[in-house]
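Colleague: Build me a model:
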Amino acid sequence: MTYLLDVNALVALGFLQHEFHGRVASWVARAKQPFLLATCSITELGFVRVLTQAPAYGFTITQARTLLLRLKEADVPRFVFVTDGLDVSHLPAWVKTGKQTTDGHLSQLAKANGAVLATLDGKIPDAFLIPHS
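Modeller: Residues are numbered from 1 along each chain as shown. A predicted model of the protein is given here:
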């Protein structure tokens, strides 16, 4: 199974001090094989944006980029990169507000690539909610 991580799940996995790191890391450790994690341009750029803009993290662009590249180079879990060829016409009907646009897009991008969107947000239809330990 392939899971496209949303930005929050990716940040939680990559940043050891994140409040949900244990939750995401535990899920990854218990996952049944074959198991792949996916990123895309939106989630990778979001990872860098969050780690550089939030005062709690205090990363530079170079540090955030390096952290993400190291995470993706690890053997376990194995990461794949999903290219994004979807335009706005692919937004699902459940997207009703501006705050839902990225979630809707990522959900459709995952489906278009045979994956499932994995998230810490229980309000995204058809997404996999990363369980508590």
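Colleague: Show me the strands in the protein, by range?
Modeller: 2-5, 36-39, 78-81, 116-119, 128-129 (DSSP state E).
Colleague: of all the ones you listed, which lies closest to L13?
Modeller: Shortest distance between L13 and those, using CB to CB, is found for strand 2-5: 6.8 Å. The C-beta positions use only the backbone N, C-alpha and C, and glycine is treated the same way.
Colleague: just how off-centre is the closest one within its chain?
Modeller: From the chain centre to the centre of strand 2-5 is a distance of 7 Å (CA atoms, centre = their mean, to the nearest Å).
Colleague: okay if I get the strands of the chain as JSON lines plus mean neighbour count?
Modeller: Putting the strands of the chain into JSON lines (neighbours: other CB atoms under 10 Å) gives the following:
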{"stretch": "strand 2-5", "mean neighbour count": "25"}
{"stretch": "strand 36-39", "mean neighbour count": "20"}
{"stretch": "strand 78-81", "mean neighbour count": "14"}
{"stretch": "strand 116-119", "mean neighbour count": "23"}
{"stretch": "strand 128-129", "mean neighbour count": "15"}
